[in-house]
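1. generate coordinates for the sequence data below:
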Amino acid sequence: MDTSAMVGLMGLTFFCNKCVEVFYKFRNDKVSPEADELKQTCEQAISAFKSLKWPREPDVPSVAERAIFNTNEEIESLEQVMASETEEANETLDALIRNLEFVLKGRSIEERKQKAEKLQRFFDTLGDYSFYATRDSLRISSSMSGV
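-> Modelled structure (predicted):
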């Protein structure tokens, strides 16, 4: 695995940790529904998930708007998580996007918090997969270099 792939996986891990933290804070009334932190995190995740739906997604974000899922390793981590879901990958992506949009714009705060809890669990699992992939690739690369 090259350095950019490892950096990508680490970036995915950090992003997932940020999502888990923001959704946890939102659910526990430590971040308001109108907070920039919540809005920016949701928008970044929506942008990244929509980029995976190309060419079926008419509203494809620019590369500058998405910082995750740029490497095969990041996508493989996502695929591993999605393989454990009961829905097809496209349905799972659609559900993630809908949940993120609902957290941003839903009417009921309690329903928004329920969606945030689902998202928190998803990003926690995705973060674990990307962390373990990074750790394994670091282990393999150090054993190959004789360190």
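2. what's the neighbour count on Ile109?
-> 12 (other Cβ atoms under 10 Å). Any C-beta I mention is one placed from the backbone N, CA and C, and that applies to glycine too.
3. typo on my end, it should be Tyr129
-> Tyr129 has 21 nearby residues by other Cβ under 10 Å.
4. my read is that Arg9 contacts Ser137, right?
-> In this structure residue 9 is Leu, not Arg. Yes: shown here, Leu9 and Ser137 form a contact pair, counting by Cβ atoms under 8 Å, at 7.2 Å.
5. tell me the confidence at the nearest residue to Gly106 once chain neighbours are set aside?
-> Among residues not flanking Gly106 along the chain, Arg112 sits closest, at 4.5 Å (Cβ to Cβ, 6 or more residues apart in numbering). On pLDDT, Arg112 comes in at 97.
6. worst-scoring helix or strand of this protein, pLDDT-wise?
-> Taking mean pLDDT, DSSP states H and E as the measure, the chain has helix 72-83 as its least confident helix or strand, at a mean of 82.
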